[in-house]
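Chemist: Turn this into a model:
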Amino acid sequence: MATGDQQSPHAEGISIRTPAAKPMRLFVLGATGRTGRALLAQATERGHSVTAFERSPQKLTEVGGLIAARKGDPCKVEELRAALGGHDVVVSALGLPGFGESTVLSDAAGAAVGAMQAAGVRRLLVVPAGMLFEDSPAIASILRRTLLRHVAIDSARMERILESSGLDWTVVRPPRLTNGPLTGKYLAADGGMPVDSRRSMSRADLASFLLDELERPTHVRRIVRVSTPVGRGRAIAHWLATLLLATECIVGGVMGGLRMQPFLGIIAHLGYPPYFMSILGAWYVLAGLALLAPRLPVLKEWAYAGLTFNYTGAAVSHLVVGDGAGALIGPIFFAGLTTISWALRPSARRDLTPRYAARTATVDAADDGNARMGSSRRDDSSASAPGRHQRIRTIAYWTFTLIVAGEMVAGSIWDLLRIEYVRAVLTHLGYPLYLLFILGVSKLPCGVTMLVPRFPRLKEWAYAGAVFNYSGAVVSHLSVGDGVSKWAAPLIFAGVTLLSWALRPPDRRLLRWSGQPAPRALPR
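Modeler: This is a model prediction of the structure:
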């Protein structure tokens, strides 16, 4: 992390504006928009002169000083070229053209590139929609595929034009923009969401970053994501929720494992067998320790998943047996704490460490290198070894995944239909039959999540749920004195689940550390 003009190229950091070395002549597209107006105001304050190239320059009559307004179409090369001479840099802050099919953004990019090449202007900054990153919030990902699908397609097309232009371009992707005040602070990271950043940013701070990047270029020929840093209140809220939750887990886990009151009475009231307290107690203690330990993001995902399953299952159990609202306060309260702790956790407790990410990247690069070296050898068996190893790994992964996912989906259907077999097993183990509904509803999304592409964090929850289910079944059979013929099947499925988890490919696991996204640059 760095501040001011000490910020390292292509790294994430907080920046505070410092004076530019010399004034520049800016050529701005989209100056009448709210981001464009913030850019004009700050640019003139820093002593830069600005030409606003607009279809309706009369909208800028209230601004003056170092701002010149030129009328023209940003999608026409000839008009841009005629006005571009003598400028140092072009900044495009064109707004969204609408929700329908459009090529405005890519057409404007193509026109700007052609005009800049003809006029000899090399520096170009573009602000597209920020929804193209895969690590965008869930709502942004949904919008990218639905309502804003055409905007996303045109934005991606625009970025491809810039990448092949040969200019010194920078694409700046902001989060949700607000009309908040200028703070002079921001976070920037190449290729992904900055670490510990907000999901929103003021237009004034976005304009500040654009001007800083023009005055001290650090992201040339890169796609950079910008935002503002989270406040101290977020960290305080996270730790308050986490400490309360972890305390409840460890203390409750120890009391549950010892089958102490009032937990034993609650379990009996809900219809669960007494030994179930020992299973919950062990899981509780492990979850509490995982929440308090530094780093270990994957283990923390499993802990959060287990606690969510537990508290929601407890709430449903109380509802099924007819308990009033008072009995729901505890499970709902701790489920809320789990959500708060999970949502507010800092990057070091959410994403993999730089060392692990770098090690994974090194292994992948070594495999690629071995594959390339092997292909140049005359020995065909040596040349095909890396590829054959990968094919075997892929086949093994999908074999194990299909087995466990198929069992989870089939088990979900059996549980929801309450077929005779599962009712007999549950009765034998001493569990209430309404548990079949809880298990059935939980198993189906677990199995589906394992099969669909991407969603690596959600997959961790699915694997955690499967392991909890199968390991709980093994302990339950052992607790009632069943022999190996009864607990061997869930033990095998637990092993198959762990094998699927261990062999999953990179796009299905938490490999990215958002503080050091992979650099992206094109040769000059």
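Chemist: What number of residues are in the vicinity of G447?
Modeler: 22 (other CB atoms under 10 Å). Placement of C-beta: from N, CA and C, glycine included.
Chemist: How about G85?
Modeler: 12.
Chemist: How about H318?
Modeler: 22.
Chemist: In this structure it contacts I329, no?
Modeler: No: H318 lies out of contact with I329 (CB atoms under 8 Å); the separation is 9.9 Å.
Chemist: For those two, list the residues in contact with both.
Modeler: By CB atoms under 8 Å, 6 or more residues apart in numbering, H318 and I329 have no common neighbours.
Chemist: wait, what's in contact with L436?
Modeler: 415-416, 418, 422-423, 426.
Chemist: Between those residues, which sits nearest M277?
Modeler: Proximity of the contacts of L436 to M277 (CB to CB) peaks at L426, which lies at 17.5 Å.
Chemist: my read: the closest one touches Y434, true?
Modeler: No: counting by CB under 8 Å, L426 stays clear of Y434, with 9.7 Å between them.
Chemist: show me where the stretch 251-400 of the chain has strands.
Modeler: For the stretch 251-400 of the chain, strands defined by DSSP state E, counting those that start in this stretch do not occur.
Chemist: pLDDT weak spots in it?
Modeler: Counting by pLDDT under 70, the stretch 251-400 of the chain contains low-confidence ranges at 352-385.
Chemist: redo that, cut-off 80
Modeler: 351-386 (pLDDT under 80).
Chemist: Check the stretch 1-150 of the chain too.
Modeler: In the stretch 1-150 of the chain (pLDDT under 80), the answer is 1-21, 57-66, 95-101, 129-148.
Chemist: And the helices in it?
Modeler: Assigned by DSSP state H, counting those that start in this stretch, the helices in the stretch 1-150 of the chain fall at 34-45, 77-84, 104-119, 138-145, 149-163.
Chemist: Any idea which of the ones you listed gets closest to I392?
Modeler: Of those, nearest to I392 by CB to CB is helix 138-145, at 33.0 Å.
Chemist: Show me the protein divided up by domain.
Modeler: Domain segmentation of the chain under automatic domain parsing yields 4-230, 233-347, 388-508.
Chemist: For the stretch 101-250 of the chain, which segments are assigned as strands?
Modeler: Under DSSP E, counting those that start in this stretch, the stretch 101-250 of the chain gives strands at 123-126, 168-173, 176-178, 187-190, 200-202, 222-227.
Chemist: For V226, list the residues it contacts.
Modeler: 172-175, 186-188, 194, 201, 206, 209.
Chemist: Kindly report the same for I413.
Modeler: Contacts of I413 (CB under 8 Å, 6+ apart): 440, 444.
Chemist: do the same with the one 10 residues further on
Modeler: With contacts defined as CB under 8 Å, 6+ apart, R423 is in contact with 433, 436.
Chemist: Turn the strands of the stretch 101-250 of the chain into CSV, columns for distance to L258.
Modeler: Shown next, in CSV, are those (distance: least, CB to CB, whole Å):
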stretch, distance to L258
strand 123-126, 63
strand 168-173, 53
strand 176-178, 49
strand 187-190, 47
strand 200-202, 47
strand 222-227, 47
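Chemist: closest to V77 out of the ones you listed?
Modeler: Nearest of these (CB to CB): strand 123-126, 14.2 Å.
Chemist: And the closest one, what does it pack against?
Modeler: Under the contact criterion of 3 or more CB pairs under 8 Å, 6 or more residues apart in numbering; DSSP states H and E, strand 123-126 touches strand 89-92, helix 104-119, helix 149-163, strand 168-173, helix 203-215.
Chemist: Same list (those) but as CSV, adding distance to A268 and mean neighbour count.
Modeler: Putting the helices and strands packed on strand 123-126 into CSV (distance: least, CB to CB, whole Å; neighbours: other CB atoms under 10 Å) gives the following:
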stretch, distance to A268, mean neighbour count
strand 89-92, 68, 25
helix 104-119, 64, 21
helix 149-163, 54, 19
strand 168-173, 55, 23
helix 203-215, 57, 23
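Chemist: CSV for these, including distance to L478?
Modeler: Shown next, in CSV, are those (distance: least, CB to CB, whole Å):
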stretch, distance to L478
strand 89-92, 66
helix 104-119, 62
helix 149-163, 52
strand 168-173, 53
helix 203-215, 59
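Chemist: I figured A335 hits V316, correct?
Modeler: No: with contacts counted by CB under 8 Å, A335 stays clear of V316, the gap being 11.2 Å.
Chemist: Could I get the buried residue list for stretch 471-489?
Modeler: Of all the residues in stretch 471-489, those buried under the rule 16 or more other CB atoms under 10 Å are 471-477, 479, 486-487.
Chemist: among those residues, which are in helices?
Modeler: 471-477, 479, 486-487 (DSSP state H).
Chemist: F400: which of these is nearest?
Modeler: S471 (16.8 Å).
Chemist: which non-adjacent residue is nearest that closest one?
Modeler: A494 (5.5 Å; CB to CB, 6 or more residues apart in numbering).
Chemist: So the one you found versus A405, what's the distance?
Modeler: 14 Å (CB to CB, to the nearest Å).
Chemist: quick one: which of those two has more around it?
Modeler: Taking other CB under 10 Å, A494 and A405 do not tie; A405 has more neighbours (23 against 20).
Chemist: circling back to that earlier point, could you provide the contacts of V226 in CSV, with additional columns for pLDDT and distance to G231?
Modeler: As requested, those are exported to CSV (pLDDT from 0 to 100; distance: CB to CB, whole Å):
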residue, pLDDT, distance to G231
V172, 94, 23
R173, 90, 22
P174, 90, 19
P175, 88, 15
Y186, 92, 14
L187, 92, 13
A188, 92, 18
P194, 81, 15
M201, 92, 14
L206, 95, 18
F209, 96, 19
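Chemist: quick one: stretch 345-352 to chain centroid distance?
Modeler: Centre-to-centre, stretch 345-352 and its host chain are 11 Å apart (CA atoms, centre = their mean, to the nearest Å).
Chemist: For V172, list the residues it contacts.
Modeler: By CB under 8 Å, 6+ apart, the contact list for V172 reads 125-127, 206, 209-210, 213, 219, 224, 226.
Chemist: now the helices: where do they sit in the stretch 201-350 of the chain?
Modeler: Using DSSP H, counting those that start in this stretch, helices in the stretch 201-350 of the chain cover 203-215, 232-257, 263-270, 275-292, 297-320, 325-344.
Chemist: Pull the residues that contact the last one.
Modeler: Contacts of helix 325-344 with the rest of the structure, by CB under 8 Å, 6+ apart, involve 234-235, 237-238, 241-242, 244-245, 248, 291, 304, 307-308, 311-312, 314-315, 318-319.
Chemist: Separate out the buried members of these.
Modeler: By 16+ other CB under 10 Å, these give 234, 238, 241-242, 245, 248, 291, 304, 307-308, 311-312, 314-315, 318 as buried.
Chemist: quick one, what contacts the closest residue to V475 other than its chain neighbours?
Modeler: Among residues not flanking V475 along the chain, I279 sits closest, at 5.4 Å (CB to CB, 6+ apart). Listed by CB under 8 Å, 6+ apart, the contact set of I279 reads 472, 475-476.
Chemist: same thing with T51?
Modeler: 25-28, 67-70, 83, 87.
Chemist: Go again with 6 Å.
Modeler: 27, 68, 70 (CB atoms under 6 Å, 6 or more residues apart in numbering).
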